[in-house]
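give me a 3D structure for the following:
(one chain, ligands or ions: 1)
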Amino acid sequence: MIDFRSDTVTRPTPGMLEAMLNAPVGDDVFGEDPSINQLETMSAALFGMEAGIFCPSGTMTNQIAIKCHTQPGDEVICDKLSHVYLYEGGGIAANSGASVRLLEGNRGRLTADQVREAINPEDIHKPVTTLVSLENTGNRGGGSCYNFADIQAIKEVCLQNNLKLHLDGARLFNALVAKNETCKQYGEAFDSISICLSKGLGAPVGSVLLGTHQLIKKARRVRKMFGGGMRQAGYLAAACIYALEHNVARLAEDHAHAQMITAALVKKDFTGEILPVETNIVIFAVKGRYTAPELAAKFKEQGIFVIAISPTQIRIVVHLDIHPNDVAKTIEVIDSL
Ligand SMILES: *Cc1c(COP(=O)(O)O)cnc(C)c1O
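Numbers count the residues shown, from 1 in each chain. A predicted model of the protein is given here:
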């Protein structure tokens with residue numbers, strides 16, 4: 001089976017399992033897990049940020065950040081396709097009591113002008129705009145990457161209007177590798193950053209929220225309240241440390257594999273619009289002989305798992321567990337359909 005459904009399907013490698021087995025652990029709710037402390041410190045240092053907190057999921061790191069940055073009744077600006085809005089179970093409303101101003105971005109990316117126009121004026125009728133949440137890479141944008149200058153322009157608008165800026169960086173490392181950018185640039189631009197180690201970096205579980213000491217102190221309280229305070233979770237943190245140390249640079253291979261698959265798809269009559277492939281995600285429209293679910297079923301008959309994300313679109317996500325021979329086999333299957 002070749003599984004392109006998500007980059008979350010990876011299994012720990014022998015090296016990662018070895019690191020987990022040897023991890024020193026303690027009770028993290030008491031702040032005594034050396035492996036978690038190491039992961040939090042090293043990720044904060046990587047981004048030049050003050051502190052970090054380890055959480056079981058990227059949904060939790062995003063939701064904690066939003067809760068820390070807002071008061072009930074406040075408004076959060078984000079793209080209409082953003083994970084924080086679309087795929088976190090209504091968490092912004094349920095956890096933070098905040099409303100959302102959805103913007104129509106370009107494949108998930110907002111501009112400074114759009115953000116500026118969406119900020120509510122000082123008016124007792126309107127919710128108070130307090131937070132902007134960006135996503136890089138953009139999942140529903142097909143792994144789209146921001147130009148860093150656009151992020152800086154948004155940051156300027158936030159500074160001028162006293163707004164906090166959060167980054168859902170579930171796949172930030174894909175963007176960094178694709179655009180040849182650094183963690184530190186991002187650490188300077190954002191008030192909080194969520195990174196996922198369980199996506200392309202291949203850890204079984206784990207996300208880290210980064211921010212100031214003050215923010216992360218508040219985040220520890222919220223994490224406990226959300227039920228995310230774990231105990232000897234250093235076994236998981238060790239996998240995350242291993243992922244950061246070994247699996248970042250190799251993301252370029254995934255991106256190359258995504259390009260090879262795209263080149264095969266382009267030749268087919270059933271392929272409609274393909275979103276520009278910038279990283280490890282390929283989203284393409286299906287037309288003519290197949291609907292998207294029918295084409296997904298055809299792939300499945302050949303042992304290849306993809307997702308029909310809409311009646312007309314298929315998503316393919318390349319990751320650590322997709323080897324070059326899997327890519328060759330997939331291209332063979334595409335050629336044969
Ligand atoms: C996967 C993902 C998350 C976090 O998802 P979890 O499954 O909760 O870890 C957050 N944002 C984006 C864009 C994602 O793709």
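
run the chain-centre distance for stretch 253-267.
Averaging C-alpha positions (C-alpha atoms, centre = their mean, to the nearest Å) puts stretch 253-267 21 Å from its chain's average.

wait, residue 64 touches residue 224, no?
No: using C-beta atoms under 8 Å, residue 64 is not in contact with residue 224; the gap is 10.3 Å. C-beta coordinates here come from the backbone N, C-alpha and C atoms, glycine included.

if you count surrounding residues, which of those two has more?
residue 64 (30 against 11; other C-beta atoms under 10 Å).

ok, now which ones touch residue 54?
28, 36, 39, 40, 206, 207, 208, 230, 233, 236, 237, 240 (C-beta atoms under 8 Å, 6 or more residues apart in numbering).

6 Å - rerun?
Neighbouring residues of residue 54 by C-beta atoms under 6 Å, 6 or more residues apart in numbering: 36, 39, 40, 208, 237.

ok, residue 81 next?
108, 140.

doesn't it lie inside a helix?
No: assessed with DSSP: H, G, I helix; E, B strand; the rest coil, residue 81 is coil; it does not lie in a helix.

and it, how close does it get to the ligand?
Per C-beta to the nearest ligand atom, to the nearest Å, residue 81 is found 10 Å from the ligand.

pLDDT at that residue, what is it?
pLDDT for residue 81: 95.

can you pull the residues of the stretch 201-337 of the chain lying near the ligand?
Proximity of the stretch 201-337 of the chain to the ligand, by C-beta under 6 Å from any ligand atom, involves residues residue 207.

neighbours of the residue of the stretch 201-337 of the chain at minimum distance from the ligand, how many?
The ligand sits closest to residue 207 of the stretch 201-337 of the chain, with a gap of 5.7 Å, by C-beta to the nearest ligand atom. By the criterion of other C-beta under 10 Å, residue 207 has 25 neighbours.

could you give the bridge partners of it?
residue 55, residue 196 (DSSP bridges).

lowest average confidence, helix or strand, in this protein?
strand 307-310 (a mean of 94; mean pLDDT, DSSP states H and E).

ok, residues contacting it?
5, 292, 293, 296, 314, 315.

closest one of those to residue 70?
Relative to residue 70, the closest of these is residue 315; by C-beta to C-beta it sits at 30.8 Å.

returning to what we had before: just the closest of the contacts of residue 54 to residue 97, please.
Distances from residue 97 to the contacts of residue 54, taken by C-beta to C-beta, are shortest for residue 208, at 25.4 Å.

now for that closest one, how many residues are close by?
Neighbours of residue 208 (other C-beta under 10 Å): 27.

and it, what pLDDT?
98.

for the stretch 1-150 of the chain, what spans make up the helices?
In the stretch 1-150 of the chain, the segments counted as helices under DSSP state H, counting those that start in this stretch are 14-21, 34-47, 58-69, 83-86, 91-96, 112-118, 148-160.

tell me the mean pLDDT over the first one?
When pLDDT is averaged over helix 14-21, the result is 98.

could you do the second one as well?
Taken as a whole, helix 34-47 carries a mean pLDDT of 98.

show me what residue of the protein gets nearest to the ligand.
Closest point on the chain to the ligand, by C-beta to the nearest ligand atom, is residue 58, at 2.5 Å.

next one: that residue from residue 24, what distance?
Distance, residue 58 to residue 24, using C-beta to C-beta, to the nearest Å: 25 Å.

contact residues of the stretch 1-150 of the chain facing the ligand?
57, 58, 59, 62, 83, 135, 139.

close enough to count as contact, the fourth one and residue 85?
No: under the contact definition of C-beta atoms under 6 Å, residue 62 does not touch residue 85, with a separation of 10.1 Å.

and residue 263, how far from residue 170?
From residue 263 to residue 170 the distance is 26 Å (C-beta to C-beta).

oh, that last question was meant for residue 139, not what I typed.
Taken as C-beta to C-beta, the span from residue 139 to residue 170 is 7 Å.

more crowded one of these two?
The neighbour count for residue 139 versus residue 170, taken as other C-beta under 10 Å, is higher for residue 170 (28 against 24).

show me the contacts for that one.
With C-beta under 6 Å, 6+ apart, residue 170 has these contacts: 58, 196, 199.

7 Å - rerun?
58, 83, 194, 196, 199 (C-beta atoms under 7 Å, 6 or more residues apart in numbering).

quick one: which of these is most hemmed in?
residue 194 (30 neighbours).

surely that residue forms part of a strand?
Yes: Residue 194: assigned to a strand according to three-state DSSP.

which parts of the stretch 101-250 of the chain are strands?
129-135, 164-169, 192-196, 207-211 (DSSP state E, counting those that start in this stretch).

among those strands, which is nearest residue 77?
strand 129-135 (4.6 Å).

coming back round to it: possible to save the contacts of residue 170 as JSON lines with distance to residue 103?
Output for the contacts of residue 170, formatted as JSON lines (distance: C-beta to C-beta, whole Å):
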{"residue": "58", "distance to residue 103": "21"}
{"residue": "83", "distance to residue 103": "15"}
{"residue": "194", "distance to residue 103": "20"}
{"residue": "196", "distance to residue 103": "23"}
{"residue": "199", "distance to residue 103": "24"}
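
and which of these is nearest residue 11?
Taking C-beta to C-beta as the measure, residue 199 is the one of the contacts of residue 170 closest to residue 11, at 13.8 Å.
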